[in-house]
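# From the sequence below, what's the structure:
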Amino acid sequence: MLLENHLAFAVVKSGMGDPDQVSRLLRVVYLAWFLRDASSTGDDIELFRQGERALESCIERSVSSKEWTLDEREQDVVGQLLSLHDAQLAAVPSHRYLRAWERLQAFLTSGQGSVLDG
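I've put the predicted structure just below:
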């Protein structure tokens, strides 16, 4: 999973992204959110909001340009979240990860706009 996340990020950074890679990166942001108490960020919501906004901006730009890319600032934010999530996965017990995955699946079927709002 870690490799798939980093490959998705590399493809989007290169300007060759597509909806699948951006979707994977959004899942990383949301899983990291659900695991945030396992990291040093605790309740610091701003990094998560910036990551979500960066990926939403990528989606919005793709409508007109047909390109799935991140600008340099957005790449920095998403890269920080990938690193954070890597550290979470190294530290969190598997039952906590499974619970976060279940929460993500529930969110994806909820129709809710953002996990950060709930």
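# How much space separates the closest residue to Glu74 other than its chain neighbours from Asp86?
What sits nearest to Glu74 in space, not counting adjacent residues and going by CB to CB, 6 or more residues apart in numbering, is Ala54, at 3.6 Å. The way it works is simple: take the backbone N, C-alpha and C, and place the C-beta from them, glycine included. The gap separating Ala54 from Asp86 is 18 Å, by CB to CB, to the nearest Å.
# So which residue is dead centre in this structure?
Val29 (2.5 Å; CA atoms, centre = their mean).
# Which helix or which strand is home to that residue?
helix 19-34 (DSSP states H and E).
# Tell me the gap between that helix and the middle of its chain.
Helix 19-34 sits 3 Å away from the centroid of its parent chain (CA atoms, centre = their mean, to the nearest Å).
# Go through it and flag the buried ones.
21-22, 24-34 (16 or more other CB atoms under 10 Å).
# In which helix or strand does the residue of the chain positioned farthest from its centre reside?
The C-alpha centroid of the chain is most remote from Ser64, which lies 22.6 Å away (CA atoms, centre = their mean). Element membership for Ser64 (DSSP H and E) is helix 46-65.
# tilt between that helix and helix 19-34?
170 degrees (axes from the mean of the first three to the mean of the last three CA atoms, to 10 degrees).
# What residues sit buried inside helix 46-65?
Leu47, Phe48, Gln50, Gly51, Glu52, Ala54, Leu55, Cys58, Ser62.
# What of stretch 75-87?
Judged by neighbour count using 16+ other CB under 10 Å, the buried positions of stretch 75-87 are Val77, Val78, Leu81, Leu82, Leu84, His85, Ala87.
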